[in-house]
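S.K.: no letters, just coordinates:
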DNA sequence: AATAAATAAATCCATCTGAATTATATTTGT
DNA sequence: ACAAATATAATTCAGATGGATTTATTTATT
C-alpha cells in the first residue's frame, strides 16, 4: 500500500523525518541476516561459530540464521576443517546459484545487459552499440535481451533473479552536443521515469544509480582493496565517480553523489575548468582528432594506446593533474583513506595514470589534510556493468546502514 | 571487558568488519527510543498516537516507550489538545531538565566551557582567554570551571550531566606560527590523548570532534533550516566545516571530515591556494595589519565591522569567491541541498557574505551539478560551543545510523 | 453515534542463557 | 605403540527473556 494513500491527517513527512523510523523483530532479523551475508561475502567462507564471534551474536542465533540461509539455498556448507582441537568447523560459503541479478548499463555509445550470479560472476552478456542512445531502441533491446539471458538459467533458477540494476549517466541528455547527437534527439530521456518503465518491461524491481556510482559499487563489493572509505573515479567517455564512507556506498540525495566530472580544477593560466576537461576519453578524442587521427576507430577500439605516441603522455599528465586536484578537494570534505582510479582503458594505462596522479598530488598543498593513498581500481573496464548488477544485491542482501528500518508498506 | 583480551584466535577485525555486527532486542529498543526522542526534538511536542504514526511503530509500542521516557523524566506531558473529535491527545515534549551536557571548545585564543540543558539552552558559561593554548592551562581551567557549572544545578540534577563534548581544531599544533605561539610551545598537544585526559579530569564520558564539525552539529540539531543534506562552513580565525548527509552528522574516518580550509581554490592569476587564504579572519587580520590597523584590538572585539571601510568589501568578496569554489567542489562530491555559512561575525556580515557567495557561485560553471542554495547559519558565533555540548546528546539520545549495533563491550 | 487516543492482556517472534551433544586433538598411562 | 582420559571447540536443544504486535476495552471528545 502506498503511504500517500494511507489517509493520515498529516502525511507530509519530509526527508528528515522519514529517517526517524522505528523497527521491530522482523527488521532485527533482516538486519542480522544481512550482516551475516555481508560477512560471508567478504571472507569467502566462515563457520557458524566464527560468525557468532564476528557479529557479536550468540552462537545459537548465528546457528539459527545460518540454517535459515541454508534452507533458502543462499549458502552452502563446505568441507569440515580438521587439524585443530575440538569439533571440526563447517565453513559456509555463498551459493553462486543462490540469487541472480541483471545489470543494465546505458552508455553514450552502447547499452549492455549482464546476468550476474550471487558471487559476482557474469553469466551472460548482451550488447547493442549505437551512435547515441534513444529510448525506444534501448527499451526494445532490453525486451529482447532479457529473455535471452534468462534462458541461460534452468527454470528452477530463473525465478531467483532478484532485480534489475541500472547504471545511467546523470542527465544523459545534457551532453548531447558532445557526442554529436542530433539536437533534441535525447530530450525524451529527460522526462522518462526510468525505473517505472524498466520495471514494466522486465517485471523486476529496479534500482538506478549514476553510472560511475555503479562502478564504485562494484569496486566496493568485489574489489580487492578492501578500504572502507574511498573516493572513486571512473574515466570513460566523460568522467564520473562515487564515494564509499564507512563501507557504505553513498549514492546521494538525488543519486548524484560523486559527480566529480563537474569539479572545478584550477587552470595553470588562471581561473578554472571542470574536471571533465582534464580527464576524460572525450578529451583524448578531441586531442586525437585535432592531430588528424581517426576518431571513429577510437570508439571501435581498434586503436592501441601505444599508437598515440606523445599524445598519450600529454593526455595522461593533464588527466593526472586534474585528478590530483579533485582528490585534494575530496579529502577536504571527507578524510578518505584512498582514492581509486579506474576507467575504460588497459591496466597498463591505469597504472600509469595512478602513478602520475600520485606524483601530481605531491605538488598540491595539503596542509591540514589526512594522508591519502592513490590506488588503481581492481575491476576494470566492466566496472559499470558489474556494479549495476550488484545494486539489487545491496537492496536485498547486503548491509547498508540506511536499511535497518521496517518497510513503510 | 576489552575485546583484545578476549583471546580469540583471530581478533584482527578491521574497520570494514566492525560494521557488520548483529543486534538484539535491547539494540532494537534503544534504536526506537532514539527515534522517538529525535522526532520529539524536531517537532517540539508530539502525542503518543502521532509518534506511532510517524515512526511506523504500533500505538502500543509508542505508548510503552513514551511511558518509559516519562519515567526517566526525559519527557513531560503538556496540556491536552481539545477541539477535535475523539479523546484529546496529550502532547509530550522534552524535559529541559531531563539531561545535561558540558561542551568544551578549545580555541586558538580562548577556551570555553558551557553547561547545556536537554533542549539546547546554555545554562552556564566559563571562559579563559590566552595568547595561545597550553595543555596545563586548559586542564586547570577545566578542573576549576567544571565544578562551578555543576554547582548551578541542584544536586538532584547534577547527576544528569551525560558527558563532555569537546570541539578541537584539527592538528591544533600545526598552525603555531600563524598565531605567533612560541616555537614548540604547542607540541605537547600532538601526543596528548585528549579524551582520556579529560575523562580523567571530569569523570565524564568524552566525545571529541573537529571544532567546525561541532558547529555543524549545532546547526543540524538546533538550526532552523531543517535541511537533511548540507555542507557547513564556519569562518573563525581559520575556516572549517562539516557535512550532514541524510540528516546525520558525518564526522569522518579520523574525525577530519569538513576540513574545508584546506580545499584548493583556483587563483585568478593561475594555480591555486587553500580556502583558508580566501576566507578566514586570520586573513582579515593580515589585511588589516598591512594597512596599519590595530590587530590586537581586533581580537579583543572592540573594532566594529563598519570601521573596516573598503577593507570589509575586499575581504568579503575574496571570501565569497573562495567559498563559492569550495561549494561547487563539495556539490561535485555529494549533491547537497544547501550550503550553510556561519562564523564569528555579526549577523549583518553573515547575510552579506551569503549574498556575495551566492552571486559568486553563479559565476562558476556548474554543468552536471544539482542545484544548491546558500543559506546563513542560524546559530551564530557560539555554534562551536553549543555544538560541542550537543555531542553527548548524540552519543546517548539522538538517532544516528551508525549506532544500531549492540555495544562490543 | 462517531471518532480518536490511550492502554491492558494475550500472543508472537527473535534473541539469549545454560546445558547437552558431538567430534576432534592432546595428554597420560601402560 | 596403543588406549583411555581429558581438554577444547563447534553445534544445537530447551527454556527464559525482552520487546513488538494484535485485539479488545475504556475514556473523552465533537
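M.R.: Thanks, I have it. All values derive from a computational prediction rather than experimental measurement. Residues are numbered from 1 along each chain as shown, chains lettered A, B, ... in the order given.
S.K.: quick one, what contacts the residue of chain A found nearest DNA strand D?
M.R.: Residue nearest to DNA strand D within chain A: residue A:86 (2.2 Å; CB to the nearest atom of the strand). C-betas here are computed from N, CA, C, even on glycine. The contact partners of residue A:86, by CB atoms under 8 Å, 6 or more residues apart in numbering or on different chains, come to none.
S.K.: which element is it on?
M.R.: Using DSSP states H and E, residue A:86 sits within no helix or strand.
S.K.: so what does it look like in phi/psi?
M.R.: phi 90, psi 170 (degrees, to the nearest 10).
S.K.: and the lengthiest helix in chain A, what does it pack onto?
M.R.: Taking DSSP state H as the criterion, chain A has its longest helix at helix A:310-333. For helix A:310-333, the elements it packs on are strand A:230-235, strand A:264-266, helix A:281-290, strand A:338-343, helix A:347-362, strand B:264-266, helix B:310-333, judged by 3 or more CB pairs under 8 Å, 6 or more residues apart in numbering or on different chains; DSSP states H and E.
S.K.: quick one: closest of the ones you listed to residue B:120.
M.R.: Nearest to residue B:120, of all the helices and strands packed on helix A:310-333, is helix B:310-333, at 26.6 Å by CB to CB.
S.K.: show me which residues of that closest one are buried.
M.R.: B:311, B:315-333 (16 or more other CB atoms under 10 Å in any protein chain shown).
S.K.: again with stretch A:90-103
M.R.: A:91-95, A:97-103.
S.K.: return the subset of those lying in strands.
M.R.: In this view, the buried residues of stretch A:90-103 that belong to strands under DSSP state E are A:92-94, A:100-103.
S.K.: tally of neighbours for residue A:307?
M.R.: Applying other CB atoms under 10 Å in any protein chain shown, we find 10 other residues in the vicinity of residue A:307.
S.K.: what secondary structure does it sit in?
M.R.: helix (DSSP: H, G, I helix; E, B strand; the rest coil).
S.K.: can stretch A:242-262 be found next to chain B?
M.R.: Yes. Applying CB under 8 Å from any CB of the partner chain, one finds stretch A:242-262 touching chain B at A:243, A:245-247, A:250, A:252-262.
S.K.: and the stretch 51-200 of chain A, which residues reach DNA strand C?
M.R.: Counting by CB under 7 Å from any atom of the strand, the residues of the stretch 51-200 of chain A close to DNA strand C are A:56-61, A:64-65, A:80, A:82-88.
S.K.: which of these are buried? Put it as a ChimeraX command.
M.R.: Buried residues among these (16+ other CB under 10 Å), as a ChimeraX selection:
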select /A:56,57,61,65
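S.K.: and the residues of the stretch 51-200 of chain A next to DNA strand C, which of them are in helices?
M.R.: A:59-61, A:64-65.
S.K.: ok, the residues you listed vs residue A:225, which is closest?
M.R.: residue A:65 (28.5 Å).
S.K.: which residues touch the closest one?
M.R.: So residue A:65 contacts A:29, A:32-33, A:36, A:57 (CB under 8 Å, 6+ apart).
S.K.: residue A:233 now?
M.R.: A:212, A:239-241, A:260, A:279, A:323, A:326, A:339-343.
S.K.: of those residues, buried ones?
M.R.: Taking 16+ other CB under 10 Å as the criterion, what is buried in those is A:212, A:239-241, A:260, A:279, A:323, A:326, A:339-343.
S.K.: possible to save those as CSV with pLDDT and distance to DNA strand D?
M.R.: Shown next, in CSV, are the buried ones among the contacts of residue A:233 (pLDDT from 0 to 100; distance: CB to the nearest atom of the strand, whole Å):
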residue, pLDDT, distance to DNA strand D
A:212, 96, 38
A:239, 95, 45
A:240, 96, 40
A:241, 96, 39
A:260, 96, 41
A:279, 97, 48
A:323, 98, 45
A:326, 98, 44
A:339, 98, 38
A:340, 98, 35
A:341, 98, 40
A:342, 98, 37
A:343, 96, 43
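S.K.: and the helix or strand hosting residue A:219, what does it pack against?
M.R.: Using DSSP H and E, residue A:219 maps to helix A:211-222. Contacts defined by 3+ CB pairs under 8 Å, 6+ apart place helix A:211-222 against strand A:100-106, strand A:161-168, strand A:230-235, strand A:239-245, strand A:248-250, strand A:338-343, helix A:383-396.
S.K.: from the chain's centroid, how far away is the longest helix of chain A?
M.R.: Centroid separation for helix A:310-333 versus its chain: 22 Å, with CA atoms, centre = their mean, to the nearest Å.
S.K.: report the angle between that helix and helix A:281-290.
M.R.: Here helix A:310-333 runs at an angle of 160 degrees relative to helix A:281-290 (axes from the mean of the first three to the mean of the last three CA atoms, to 10 degrees).
S.K.: thinking again about what came up before, for the ones in helices among the residues of the stretch 51-200 of chain A next to DNA strand C, which one is nearest chain B?
M.R.: Of all those, chain B sits closest to residue A:61, with 7.1 Å by CB to the nearest CB.
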